[in-house]
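Engineer: Give me a 3D structure for the following:
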Amino acid sequence: MKKVSFQRLWEHMYAPEKDAEHIDTKSMKAIRTGIAVRENFWDDFVQVCNNSDAIAELLGVRPEQVSGWGSRVKHNLDRVQKADTAGDSEGKQKTKVLDTGDDLGGISMNNNL
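Structural biologist: Numbers count the residues shown, from 1 in each chain. Sure thing, here's the model as predicted:
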């Protein structure tokens, strides 16, 4: 039987999370889309979701499902902010999604333009 130290176990547990911080997941892309709609979009969304019973009734889901949405949004907002600030230190150019007004979605533009 192979022995594993606590240090190696800890590194193994948190290494994938550390690498994943710089990769946009689908959740992070959704967060970026909300931010592009309006800067405080997700703050408002979390506030609305605080009334989980009413939202659950409106959407026809269980209140337990809605109750976790706020924390999931906040977690992914933190991930997006960390990814963006990590890009600053690496000299990475930031982009902003601009709504085209069409059904096609938005376009990405470099903020320096």
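
Engineer: all helices for this structure, in order.
Structural biologist: Assigned by DSSP state H, the helices in the chain fall at 6-20, 26-37, 41-49, 52-59, 63-67, 69-89.

Engineer: Tabulate those helices (a markdown table), appending mean pLDDT.
Structural biologist: Below are those laid out as a markdown table (pLDDT from 0 to 100):
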| stretch | mean pLDDT |
| --- | --- |
| helix 6-20 | 62 |
| helix 26-37 | 91 |
| helix 41-49 | 93 |
| helix 52-59 | 94 |
| helix 63-67 | 89 |
| helix 69-89 | 84 |
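
Engineer: mind putting these in a markdown table, mean neighbour count included?
Structural biologist: Where C-beta positions appear, they are placed from N, C-alpha and C, glycine not excepted. Output for the helices of the chain, formatted as a markdown table (neighbours: other Cβ atoms under 10 Å):
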| stretch | mean neighbour count |
| --- | --- |
| helix 6-20 | 10 |
| helix 26-37 | 16 |
| helix 41-49 | 15 |
| helix 52-59 | 14 |
| helix 63-67 | 14 |
| helix 69-89 | 14 |
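
Engineer: Please state the backbone phi and psi of residue 25?
Structural biologist: The phi/psi pair for residue 25 (degrees, to the nearest 10) reads phi -90, psi 170.
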